[in-house]
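J.: sharing a sequence plus its predicted fold:
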Amino acid sequence: MQKTVSAARAKRQVAAPPVKRPSEAIEPAIYALRVWSVKKVNGKWYISQGARFDDKAAWSGPYETLQRATTAIARKMGDEVMKRHKRHYEHYGVND
């Protein structure tokens, strides 16, 4: 006599492995951010990562004012920090 397994039986869920916690306190996260350049051409402002000068594909803009150009840089730097911060804390298994 052979036993048959019913198809309606639910499979057992496998629990995720526990998150490895560091034994020591995590050092503060310090991020060195990328360098940005700003240029003004014909009364319009352009921004680029690093000083790429005449590489037109790397420059974004035009922005009407310097304030708008620097605000765009601030947004991009904020995105960079958050990506690095998330990756740093996922590595250590910490919710921040």
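T.: On my side now, so go ahead.
J.: dig out what K40 forms beta bridges with.
T.: K40 forms beta bridges with W45, as assigned by DSSP bridges.
J.: tell me the spacing between it and Q13.
T.: Going from K40 to Q13 by C-beta to C-beta, to the nearest Å gives 60 Å. For every residue, glycine as well, the C-beta is placed using N, CA and C.
J.: compare the two (neighbour count), which wins?
T.: Neighbour tally, K40 and Q13, criterion other C-beta atoms under 10 Å: the higher count belongs to K40, 13 against 6.
J.: distance check, that one against Q67.
T.: K40 sits 13 Å away from Q67, taking C-beta to C-beta as the criterion.
J.: what do you get for G78?
T.: 16 Å.
J.: now do Q49
T.: When distance is defined by C-beta to C-beta, Q49 is 19 Å away from Q67.
J.: cool, and G93?
T.: Taken as C-beta to C-beta, the span from G93 to Q67 is 40 Å.
J.: swap in H88?
T.: When distance is defined by C-beta to C-beta, H88 is 31 Å away from Q67.
J.: which one of those two is surrounded by more residues?
T.: Set H88 next to Q67 and count neighbours by other C-beta under 10 Å: H88 wins out with 16 against 10.
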